[in-house]
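Engineer: Mind folding the following:
(one chain, ligands or ions: 1)
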Amino acid sequence: MISRENPARFDEIVGSVAESSPNEVDAIVWAADAAYRQWSVTPIEERLALLTAGAEAIEDALAELSVLLARETGKVLGDCRGEIGFAVRYLRWVVAHAIEAYADEVLDDELGLLIKQHKPYGVVAAITPWNAPVILSMLKIAPALAAGNAVVVKPSPLAPLTLNRIVRLIGGPLRIVHGGAAAGAALVGHELVRKVAFTGGAAGGRAVAALAGDRLTPSVLELGGNDPAVFLDDAPFDDASMDRLVMATFATSGQVCMAAKRLYVPSFKIADFVDAYRAAAARVLVTGDPLADGVTMGPVISAAAQESATAMRRGDFHDLGIFDADEKTGYFVRPTLVVSPASNDLIVTDEQFAPVVPVLGYESELSVIEMSNSGELGLGASVWSADEDRAVAFARRFEAGFCFINTHNRTGMSLRAPFGGVKRSGWGREYASEGLAEYVQTCVIHAPAAYRPGAPPQAGGPAAYPV
Ligand code: NAD
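Structural biologist: From the prediction side, this is the model:
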């Protein structure tokens, strides 16, 4: 049994789910495969009707689900509402775009007629992290089901409860298994799993990719980020910009893949920046009970996360914002700005995934772009400047899957553009047409040259070079 405590009050058990043994994972994958056979030949309109009904059911339960998500993750209630609302929007976006994205393409020229089909894989294994369990699962579930796959999702044991409810609200050939690495490995290594979609950290990603590779199962990975936020020398430290930056750093207690995790400022402006950042935090950052009005940051996810975040608070550091929480009864960490740590300090080189952020000085644009692009992670980035042309030109030099100008936040996400990292932050894309394309494989029919659907057969056609 997996019992989940409330990170804000760890004596309180929010709920529990049965842990899936390897045998149970096996049985669930076999059941998903049986469901896939029926589902893959179900007309796409019927498949999409299931997603529409799922979106409605989730929306109807939004208030209750948001409270459950806040209690199991420690994320503030408004963010939980936003995450689940975004998942509903994404479901509807998939419904609106799937028919076009998954339609056959017909190529007809003097060499003959080709029918390019977009076919499902079979059973898709979706392995997801705890920090945004609903949207990150939905980014896999919705396109995979629309395309005709069955899905078995395995959420993190740190946040299994809300997704467990949502899976039941959607139904169809969607199944869930629970547990940690063992359940994940049983799922990824299963002979009937035909595609693996993973979001999480590098260690888990490496293990999942190795297992999938061993079976030659195609996989997509979305990994961590160590996003730089670069202030050019003309960037103002105005209140609105600073408020946005503080929340882009400390939303979900800094436990967001695309949080601003390293702040770079011209060395001669660093003292002014620290003052402006602290003033912004005093305005917008209130740490406390995630269900309470006015609170903008809750606890971190676990005792281990609290311990490692607390250890990062060293050197020249400043506490930020208003702290109205008890570190002894909840996994709270005081939000912290660390000024000018060594460039090889782990808080700079690694993803801290905690409410502790470094600010570093730089001397030239060349040096700051090199520092920004150092490391293996390349998820997001931002550049801040009074001159938007200059900012866009600078943004082109980031090695990151997506860059923001004068902001660095999740509300900048767009369904029109793909999300995903470069370097080792991931392969595969989510959102947009690229995200839909991950769940189909192309199968091409080479029809006779004179073939027309429904017409009687014609002889002949040019010979093609056999490859
Ligand atoms: P994690 O890698 O510990 O776990 C992710 C999932 O993988 C969980 O379901 C976990 O149980 C499973 N897992 C872990 N080891 C496994 C193994 N050996 N075999 C099979 N399954 C295994 O990550 P986490 O702590 O839950 O999430 C935080 C990480 O996720 C951070 O690095 C964060 O940046 C990243 N993340 C990335 C994105 C993105 O879209 N790029 C989004 C959110 C979070």
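Engineer: switch to C-alpha atoms for all contacts and neighbour counts from now on
Structural biologist: Fine.
Engineer: What lies in contact with stretch 361-380?
Structural biologist: 224-228, 230, 232, 257-258, 264-268, 270, 340, 349, 397-404, 420-426 (CA atoms under 8 Å, 6 or more residues apart in numbering).
Engineer: er, stretch 52-63 actually
Structural biologist: Contacts for stretch 52-63 (CA under 8 Å, 6+ apart): 81, 84-85, 88-89, 91-92, 95, 166, 169-171.
Engineer: which one is residue 33 nearest to, not counting chain neighbours?
Structural biologist: Residue nearest to residue 33 in three dimensions, not counting chain neighbours: residue 123, with 5.9 Å by CA to CA, 6 or more residues apart in numbering.
Engineer: hmm, which of the contacts of stretch 361-380 are the buried ones?
Structural biologist: Buried subset of these (neighbour count, 16 or more other CA atoms under 10 Å): 224-228, 230, 232, 257-258, 264-266, 270, 340, 349, 398-404, 420-422, 424-426.
Engineer: picking that back up, quick check: the residue nearest to residue 33 touching residue 36?
Structural biologist: Yes. With contact defined as CA atoms under 8 Å, residue 123 counts as touching residue 36 (6.9 Å).
Engineer: Tell me which of the two has more neighbours.
Structural biologist: Comparing residue 123 with residue 36 by other CA atoms under 10 Å, the one with more neighbours is residue 123, at 31 against 25.
Engineer: how near is that one to residue 40?
Structural biologist: Distance, residue 123 to residue 40, using CA to CA, to the nearest Å: 10 Å.
Engineer: Also within reach of the ligand: list those from the contacts of stretch 361-380.
Structural biologist: Near the ligand, judged by CA under 6 Å from any ligand atom, the entries from the contacts of stretch 361-380 are 224-225, 257.
Engineer: Can you add secondary structure and give those back as a markdown table?
Structural biologist: A markdown table is the format used below for those (DSSP: H, G, I helix; E, B strand; the rest coil):
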| residue | secondary structure |
| --- | --- |
| 224 | coil |
| 225 | coil |
| 257 | coil |
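Engineer: For the residues you listed, could you give me CSV that also reports pLDDT?
Structural biologist: Formatted as CSV, those follow (pLDDT from 0 to 100):
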residue, pLDDT
224, 95
225, 95
257, 95
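Engineer: that older thread, now list whatever residues contact both of residue 123 and residue 40.
Structural biologist: residue 149.
Engineer: okay, the closest residue to residue 405 other than its chain neighbours: pLDDT?
Structural biologist: Among residues not flanking residue 405 along the chain, residue 383 sits closest, at 5.2 Å (CA to CA, 6+ apart). Taken from the predicted model, the pLDDT recorded for residue 383 is 98.
Engineer: What of the one 5 residues further on?
Structural biologist: Looking at residue 388, its pLDDT reads 97.
Engineer: what's around it, how many residues?
Structural biologist: 13.
Engineer: what's near enough to touch it?
Structural biologist: Here residue 388 is in contact with residue 405 (CA under 8 Å, 6+ apart).
Engineer: got it, and residue 239?
Structural biologist: 276, 280.
Engineer: okay, it: pLDDT?
Structural biologist: 98.
Engineer: Name the SS class of the residue positioned nearest the centre of the chain, please.
Structural biologist: Most central in the chain under CA atoms, centre = their mean is residue 136, positioned 4.7 Å from the mean C-alpha point. Here residue 136 is recorded as helix under three-state DSSP.
Engineer: Quick check: residues of the stretch 1-150 of the chain near the ligand?
Structural biologist: By the criterion of CA under 6 Å from any ligand atom, the positions of the stretch 1-150 of the chain lying close to the ligand are 127-130.
Engineer: for those residues, which one is nearest the ligand?
Structural biologist: Nearest to the ligand among those, counting by CA to the nearest ligand atom, is residue 129 at 3.4 Å.
Engineer: which residues does that closest one contact?
Structural biologist: In this structure, residue 129 makes contact with 136, 155-156, 159, 199-200, judged by CA under 8 Å, 6+ apart.
Engineer: What of residue 262?
Structural biologist: The contact partners of residue 262, by CA under 8 Å, 6+ apart, come to 226-229, 348, 357-360.
Engineer: Give me the below-cutoff pLDDT ranges for the chain.
Structural biologist: Scanning the chain with the threshold set as pLDDT under 70 gives 410-413, 458-467.
Engineer: how about 80 then?
Structural biologist: Across the chain, the ranges flagged by pLDDT under 80 are 110-111, 409-414, 448-467.
Engineer: for it, longest helix please?
Structural biologist: helix 77-102 (DSSP state H).
Engineer: For it, buried residues please.
Structural biologist: Using 16+ other CA under 10 Å as the test for burial, helix 77-102 gives 77-81, 83-85, 87-95, 98, 101-102.
Engineer: So which of the buried ones among the contacts of stretch 361-380 sit within helices?
Structural biologist: Short answer: the buried ones among the contacts of stretch 361-380 in helices (DSSP H) are 270, 349.
Engineer: quick one on the thing from earlier: quick check: phi and psi on the residue nearest to residue 405?
Structural biologist: phi -130, psi 140 (degrees, to the nearest 10).
Engineer: Test my guess that it contacts residue 227.
Structural biologist: No. If you go by CA under 8 Å, residue 383 and residue 227 don't touch, sitting 10.8 Å apart.
Engineer: that older thread, wait, which of the contacts of residue 262 is closest to the ligand?
Structural biologist: residue 226 (8.0 Å).
Engineer: Which single residue of the stretch 351-467 of the chain approaches the ligand most closely?
Structural biologist: residue 420 (6.1 Å).
Engineer: what ranges do the strands span in the stretch 101-250 of the chain?
Structural biologist: Here the stretch 101-250 of the chain has its strands, by DSSP state E, counting those that start in this stretch, at 105-109, 112-119, 123-127, 150-154, 174-176, 193-199, 219-222, 227-231.
Engineer: what residues does the stretch 251-400 of the chain put near the ligand?
Structural biologist: That would be residue 257, which are the residues of the stretch 251-400 of the chain within reach of the ligand (CA under 6 Å from any ligand atom).
Engineer: In contact with residue 425, which residues?
Structural biologist: So residue 425 contacts 221-225, 376-379 (CA under 8 Å, 6+ apart).
Engineer: which pair in the residues you listed spans the largest distance?
Structural biologist: Distance extremes for these: the farthest pair is 221 and 376 at 14.3 Å, using CA to CA.
Engineer: The two: which has the busier surroundings?
Structural biologist: Comparing residue 221 with residue 376 by other CA under 10 Å, the one with more neighbours is residue 221, at 26 against 16.
Engineer: still on that earlier bit, would TSV of the contacts of residue 129 with distance to residue 332 be doable?
Structural biologist: Shown next, in TSV, are the contacts of residue 129 (distance: CA to CA, whole Å):
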residue	distance to residue 332
136	24
155	23
156	20
159	17
199	25
200	22
